[in-house]
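Q: Below is the sequence, then the predicted model.
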Amino acid sequence: MLNQILATRMWCGLLMCFSILALCFPVAGAEHKFDFGLGVSQPGVVNVTPQTMYDSTRGFGFLKTEAARTGTSSLFAVDVPERNYDVTLRFGDPVDATSTTVKSEARRLMLEKVETAPGEYQTRSFTVNVRKPPISTGGTTRLNGREMGPPMIAGWDEHLTLEFSGLRPGVVSLEITPATHAITVFIAGDSTVTDQRNEPWSGWGQMIPRFFVQGVAVSNQAESGLALFSFESQKRLAKVLSMMKKGDYLFIQFGHNDQKDKRPDAGPFTTYQANLKKFIEATRDHGGIPVLVTPMERRRWSGGKQQQTLTDYAEAVRQTGEALNVPVVDLHAMSLAFYAALGVEDSKRAFVHYPADTYPGQNTALRDDTHHSVYGAYELAKCVVEGIKTNVPELAPFVVDDFDRFDPAHPDAPEDISIPVTPLLGEAATPAGS
């Protein structure tokens, strides 16, 4: 009974504090402002109450999830067209201190631990990308079962979804505006990059939005189990190109699954390089800027020394970048430095190594030396941002001010990175690819 009372109090507190909403956009280009229902009605501002649950006819509201029931976080959805949006949030409380972390879509980290003192208010903004399967130039993206999972959380649906969590979330208002001129950073990759739907897995593409200022939207098109050729055959490259405008970026990281291509002529310096060249040329033909990312290493140790499994693929990326004058973020080298700094045992904390029942719905122990934990993905995202500041100077000014420099040989301690857990959104299963 005590647990039920505490959960009810926390849920009510979250709803009162979050006062946020997602609303239908009936007119493209319209601007919408929301208040959490406790303020005075103002022209052009929609007041929302904690009882405003999502309804497809209405097109907005709180989502009914396990997280909402237990009061650990809240999800809000808005039916919107495909495009980039500027999201502006006001945080604070007249009496209590607040601490809020904001994620969008499928667990994309947008704002980390926004804290206010009692009576203090802060305003923060970010730009988020919303995508849908149809391709404007014809056809549709071929999605898998994971991506077509429960509605409102799959990242390819009708909604802009926002998640609010933290020690005491305090969102008091929300404004959503189409961001027509924002730079889009598209990402093509595999399971080590994608927006992983469920804890404890995470991809660096899921963490990197937190490191960009308003005006840059990350469109993470990576998906588990894909290689360069399968990314293209599933019309994912066509999807990216259909959304791309001049000055947008395409970050390209593959290798883990390309390595499994057993065709007689397949290899890092043959088919893999040829496919990289195809992606680069297609990006440039559409006015975009390609950026190559070498594949990070798996966790492999023998006799206290790291064993490399993707060396040739990383070198093929470097050679391609040099030959075609494409900037390269050497995540392969940085990941090795990162894992070495942690050592044999502590490097498990960068990967999905957890005893049974660490997370809800996780009935068996997890020992995954390919896919990363939230901590590992967060640190790898910082590696990529460091690579941007070093090798992609035109994009570097859009990195947030609180990111200075990052040395993977001196990473953050795992206990210093605390991102609130997103409750289970579907069946917990190891991502495709290894």
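A: Alright, I've got the coordinates.

Q: Strands along the stretch 101-250 of the chain, start to end?
A: With strands called from DSSP state E, counting those that start in this stretch, the stretch 101-250 of the chain shows them at 108-116, 121-130, 159-168, 171-178, 183-188, 216-220, 249-252.

Q: check contacts around residue 238.
A: If you count contacts by CB atoms under 8 Å, 6 or more residues apart in numbering, residue 238 has them with 135, 137, 139, 141, 232. Heads up, the C-betas are built off the backbone N, CA and C, glycines and all.

Q: Mind doing that once more with 6 Å?
A: residue 135 (CB atoms under 6 Å, 6 or more residues apart in numbering).

Q: just to revisit the earlier point, can you add distance to residue 61 and give the strands of the stretch 101-250 of the chain back as a markdown table?
A: Converted to a markdown table, those look like this (distance: least, CB to CB, whole Å):
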| stretch | distance to residue 61 |
| --- | --- |
| strand 108-116 | 20 |
| strand 121-130 | 17 |
| strand 159-168 | 10 |
| strand 171-178 | 13 |
| strand 183-188 | 28 |
| strand 216-220 | 24 |
| strand 249-252 | 34 |
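
Q: Low-confidence regions, the stretch 1-150 of the chain specifically.
A: By pLDDT under 70, the weakly predicted segments of the stretch 1-150 of the chain are 1-30, 36-41, 65-72, 149-150.

Q: where in the stretch 151-300 of the chain is pLDDT low?
A: 151-154.

Q: Mind jotting down where the helices sit in it?
A: 204-207, 228-233, 236-243, 271-285 (DSSP state H, counting those that start in this stretch).

Q: Out of the ones you listed, which one sits most buried?
A: Most buried of the helices of the stretch 151-300 of the chain by mean neighbour count (mean count of other CB atoms under 10 Å) is helix 204-207; its value is a mean of 30.

Q: Where do the strands of the stretch 301-434 of the chain begin and end?
A: Using DSSP E, counting those that start in this stretch, strands in the stretch 301-434 of the chain cover 301-302, 305-306, 328-329, 351-354, 366-372.

Q: Could you single out the most deeply buried of these?
A: Ranked by mean neighbours (mean count of other CB under 10 Å), the strands of the stretch 301-434 of the chain are led by strand 328-329, with a mean of 22.

Q: Give me the residues contacting it.
A: So strand 328-329 is contacted by 292, 293, 318, 321, 384, 387 (CB under 6 Å, 6+ apart).

Q: who wins for proximity to residue 265 among the strands of the stretch 101-250 of the chain?
A: Among the strands of the stretch 101-250 of the chain, the nearest to residue 265 by CB to CB is strand 249-252 (21.2 Å).

Q: Name the surrounding residues that touch that closest one.
A: Contacts for strand 249-252 (CB under 6 Å, 6+ apart): 185, 186, 187, 188, 279, 283, 288, 289, 290, 291, 292, 293.

Q: Kindly reformat those as a markdown table containing distance to residue 148.
A: Putting the contacts of strand 249-252 into a markdown table (distance: CB to CB, whole Å) gives the following:
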| residue | distance to residue 148 |
| --- | --- |
| 185 | 25 |
| 186 | 21 |
| 187 | 20 |
| 188 | 20 |
| 279 | 25 |
| 283 | 27 |
| 288 | 27 |
| 289 | 31 |
| 290 | 29 |
| 291 | 29 |
| 292 | 30 |
| 293 | 27 |
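
Q: tell me which of those residues is nearest to residue 409?
A: Nearest to residue 409 among those, with distances taken as CB to CB, is residue 293, at 19.0 Å.

Q: shouldn't that closest one be in contact with residue 331?
A: Yes: between residue 293 and residue 331 there is a contact under CB atoms under 6 Å: 5.2 Å.

Q: list residues touching both of these two?
A: Contacts common to residue 293 and residue 331, judged by CB under 6 Å, 6+ apart, are absent.

Q: sorry, back to before: in CSV, list the strands of the stretch 301-434 of the chain along with distance to residue 414 and mean pLDDT.
A: Below are the strands of the stretch 301-434 of the chain laid out as CSV (distance: least, CB to CB, whole Å; pLDDT from 0 to 100):
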stretch, distance to residue 414, mean pLDDT
strand 301-302, 18, 94
strand 305-306, 19, 94
strand 328-329, 23, 98
strand 351-354, 11, 95
strand 366-372, 12, 94
